[in-house]
Structures are given as structure tokens and as C-alpha cells.
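Engineer: Only the shape, not the letters, is given here:
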């Protein structure tokens, strides 16, 4: 398989995919949300020595859920997993989600990076990530976007590999140069 960058080298090069970001410069962290108007088919690959995820098991092919409503990529280590709460609440209000009787349960797989020692102020009393997740999904659009600040204290390359809309994607964020890149097969 040959990978090539999209025309803007942004994940929004994938038709129908919306991206929203929220960041906190004092915290030196942020949240990115990928979503679309229809449920998306997704898969995942977890890499690294201490991965943090939520609802990724639902992406296994033998599970009941056949589509997801959003993907959350967050800083904040384990605290960042709570960014999903803000996204789920927003999607529930929009009537999105997996139908279970009269209820819709938004399906939002999440992955986090460790950025707790990046110099940001982490002395908060209330976890800021649910509000950052909510802000990120409210900002979601197909337009070009500014990148949320996700910084890994070791300046290692963070790689997220997903498959959306039947096109294999490889997306990566380099903390040292603050660049997010995307490639997908033609």
C-alpha cells in the first residue's frame, strides 16, 4: 500500500469528516475530536508502553456496535479520558448514538497521551477535560483548523492509526515540532 498526503495534509481531507479542537495554554494540553454526520466505521491500533484508551474494545469486529459517533484524542493522561464525557453529553443532546430502546448511547472511542510533565499548570481542582471535550466537538467542522496543543514530555512521536470511511489513515502528531500529519491510501 502506498500512502500519500491529502491535498491540505489535514485529516479533513477525508470527505465527510469533521474535526474540532480545544486547547488550554495554561494547562498546555488539549483535545481533538473527529466526527461526521453519520456513524463511522473505525478500527484501531494501540502502540506504546502505557496506552490509555476508552471504548476501543467496541471497535473489535465481533462487537454489537457497527459505527461510532466520534473519536477523541486528548492530552492529560488518565484525566484526559474524561474529555469523552463532554463529547458524549453533546452528542446525546443532538440525538446521536447507538439506539437501545428509547435511548441513544453515543459511541466515542478515546485515546490519550501523557503530557502531565510538560510544564503546564496541572494544579486544577476540577478536571478541565470534560469542558475541553465539549468545546472541541462544538468547534468541529470540515474546514481547515488550528491544531490543539498536545505535548508529550519526552518529545516522542505520538502515532494514532485508524481506518475511517473505508480509507486507511495514518495520523501522527509530533510534540517537539507541534505538527499533525495525515496520510491515506488512494
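Structural biologist: On my side now, so go ahead. Everything numeric in this text was worked out from a predicted model, so none of it was measured. Numbering: from 1, shown residues only.
Engineer: which stretches of the chain form strands?
Structural biologist: With strands called from DSSP state E, the chain shows them at 3-5, 18-24, 29-40, 44-45, 52-54, 68-74, 98-100, 103-105, 110-112, 157-164, 167-174, 179-185.
Engineer: who does the fourth one touch, helix- and strand-wise?
Structural biologist: Judged by 3 or more Cβ pairs under 8 Å, 6 or more residues apart in numbering; DSSP states H and E, strand 44-45 is in contact with strand 157-164. For glycine as for every other residue, the C-beta is placed from the backbone atoms N, C-alpha and C.
Engineer: if you set the cut-off to 7 Å instead, what comes out?
Structural biologist: The elements that strand 44-45 packs onto, with contact taken as 3 or more Cβ pairs under 7 Å, 6 or more residues apart in numbering; DSSP states H and E, do not include any helix or strand.
Engineer: From residue 57, how far out is the closest residue to residue 32 other than its chain neighbours?
Structural biologist: Spatially, and ignoring its direct neighbours in sequence, residue 32 is nearest to residue 73 (4.6 Å; Cβ to Cβ, 6 or more residues apart in numbering). Separation of residue 73 from residue 57 (Cβ to Cβ, to the nearest Å): 18 Å.
Engineer: What of residue 106?
Structural biologist: For residue 106 relative to residue 57 (Cβ to Cβ), the value is 16 Å.
Engineer: okay, the two: which has more neighbours?
Structural biologist: Using other Cβ atoms under 10 Å as the criterion, residue 106 and residue 57 rank with residue 106 on top: 24 against 11.
Engineer: Do I have it right that that one meets residue 69?
Structural biologist: Yes: counting by Cβ atoms under 7 Å, residue 106 does reach residue 69; the two are 4.6 Å apart.
Engineer: which residues do the two both contact?
Structural biologist: Common contact partners of residue 106 and residue 69 (Cβ atoms under 7 Å, 6 or more residues apart in numbering): 91, 96, 97.
Engineer: Now which of those would you call buried?
Structural biologist: Buried by 16 or more other Cβ atoms under 10 Å: 91, 96, 97, out of the shared contacts of residue 106 and residue 69.
Engineer: pLDDT value on the closest residue to the first one other than its chain neighbours, please?
Structural biologist: For residue 91, ignoring the flanking residues on the chain, the nearest one in space by Cβ to Cβ, 6+ apart is residue 106 at 3.7 Å. At residue 106, the pLDDT value in this model is 96.
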